[in-house]
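Participant: got a sequence here, can you model it:
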Amino acid sequence: MANEVFYSYLHNFTLDDVLSLLDNDNGEQKTQVENVLLDGEAVKYFINEFWTSGQRKASNLHEISYRACFKPQLPRFFIQSLTGEGDLVYDPFMGRGTTVLEAAILKRRVAGNDINPLSRVLVEPRLNIPLYQEIAERINRIPFNDQAGADRDLSMFYHPRTEGEIVSLRRYLEEKRRNREEDKVDSWIRMVATNRLTGHSPGFFSVYTLPPNQAVSPQRQIKINMKRNQQPEYRDVGKLILKKTKTLLKDITEEKRKEINACGEKALLLSEHAGFTREITAESVKLTVTSPPFLDVVQYSYDNWLRCWFNGIDERIIDKRITVTRNIRQWSGVMQDVFAELYRITVKGGWVAFEVGEVKGGRIKLEEYVVPLGKRARFHCFCVLINRQQFTKTSNIWGIGNNAKGTNTNRIVLFYKS
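Facilitator: Take a look at the predicted model:
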């Protein structure tokens, strides 16, 4: 029932009509509606459990780890509500590509951007999916040499034979790219291998370390190994790539693969500053769903050095390109440019769903800053939508409290271009 709220606006329903549609289908929970004064005018806050991770099982194709990514159910809610097949959906901070991929699954055209070039490494292959048999055959032809050595000490992460196989794969992919021979099968292998470099289960190439969305320094890993009294065990790189591939493709039928690939052939994926994306045509985007980088200071080179090494990327250059905002004033200045660019590329009647989360334990409510930014860019603020997921009794047994520290709360400012 909640999806109809947005359709009602498109069909010029009155506000009373909108509010009457906000009850859940099951009638168990009524949407809380609040009027909050933001930037000199009352803004409607709609608060309910509009989507949960259990409503629709997300495609396994999303299961690529990445720092601070939202669940696929969030973009799906807005994509289904505000667009039709063939409309252009965009994410200026695409990360692992949740919005872009979900839009492709729903037969929309897609555009994505991220200043981090690793984002495109992870996204593009899943929009151009090879057959599993093609991947298996290619893996079997790669000249793995378990005696090859890296140009840096990786012994704290990998068994010597595993290191040799990683180095062999890196050299193979480097030669393919240098000769402009890298095809969608190679790109898929690169994507999976990049995601399997480090992690905390036997499904990764490395010994137990931090979650796979960041790589610790060699010195930190040595300390982890000592604390856990562990040594790297041999991991078969080719087998693990195929194992992860099977998981990613588990629910992708041949028909769905062809649909996603058809979308991928026309996809526009950029690695630019989000405030300057001139390759995107003016007034072409029907919906933007995004979650911008927040105020936490993240040193790119620290988190990504190993993935950059594997992909032949100089992380120091990327570190310099990435804008780090250390306070809300700097962050707002960067986002103002982003909103100006979003206004340029959004069609009349188009939407921007801007996920703002909660910063510094909820002490900073970013919508209080985002609403004025959008209005200055000439968008209309339609509402602030707060999705509060209700955890099960089992979740609470494990110590996960409802909406504690924003861990299961999404805050989205919804803008409209008239």
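Participant: so, low pLDDT: which residues of the chain?
Facilitator: Judged by pLDDT under 70, the chain has its weakly predicted residues at 1-29, 52-57, 68, 212-213, 295-301, 358-362, 389-408.
Participant: repeat the analysis, applying 50 as the threshold.
Facilitator: Flagging of the chain using pLDDT under 50 yields the residue ranges 1-19, 21-27, 55, 391-407.
Participant: quick one, strands of it?
Facilitator: Assigned strands in the chain, in chain order: 32-38, 41-48, 88-91, 109-113, 268-270, 285-290, 346-355, 380-388, 409-416 (criterion: DSSP state E).
Participant: paired strands for the shortest one, with orientation please.
Facilitator: The reference is to strand 268-270. Take DSSP bridges as the rule and strand 268-270 pairs in its sheet with strand 109-113 (parallel).
Participant: do the same with the second one
Facilitator: Sheet pairing of strand 41-48 (DSSP bridges) gives strand 32-38 (antiparallel), strand 380-388 (parallel).
Participant: in the last one, what's buried?
Facilitator: Spelled out, it's strand 380-388. Judged by neighbour count (16 or more other Cβ atoms under 10 Å), strand 380-388 contains these buried residues: 381, 382, 383, 384, 385, 386, 387, 388. From N, CA and C alone the C-beta is placed, and that goes for glycine too.
Participant: so what's the fifth one up against?
Facilitator: With contact taken as Cβ atoms under 8 Å, 6 or more residues apart in numbering, residue 385 is in contact with 45, 46, 47, 50, 411, 412, 414.
Participant: tell me how far the nearest residue to residue 264 once chain neighbours are set aside lies from residue 74.
Facilitator: On the basis of Cβ to Cβ, 6 or more residues apart in numbering, the spatially nearest residue to residue 264 that is not a chain neighbour turns out to be residue 127, at 3.1 Å. Residue 127 sits 19 Å away from residue 74, taking Cβ to Cβ, to the nearest Å as the criterion.
Participant: do the same with residue 267
Facilitator: 20 Å.
Participant: neighbour count winner among the two?
Facilitator: Neighbours of residue 267 and residue 74, each counted by other Cβ atoms under 10 Å, are more numerous for residue 74; the result is 23 against 20.
Participant: which non-adjacent residue is nearest the more buried one?
Facilitator: Residue nearest to residue 74 in three dimensions, not counting chain neighbours: residue 410, with 5.8 Å by Cβ to Cβ, 6+ apart.
Participant: check contacts around the one you found.
Facilitator: By Cβ under 8 Å, 6+ apart, the contact set of residue 410 is 70, 74, 355, 357, 386, 387.
Participant: would a markdown table of the contacts of residue 385 with neighbour count and distance to residue 279 be doable?
Facilitator: Shown next, in a markdown table, are the contacts of residue 385 (neighbours: other Cβ atoms under 10 Å; distance: Cβ to Cβ, whole Å):
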| residue | neighbour count | distance to residue 279 |
| --- | --- | --- |
| 45 | 18 | 36 |
| 46 | 22 | 35 |
| 47 | 17 | 38 |
| 50 | 26 | 33 |
| 411 | 22 | 30 |
| 412 | 26 | 26 |
| 414 | 24 | 26 |
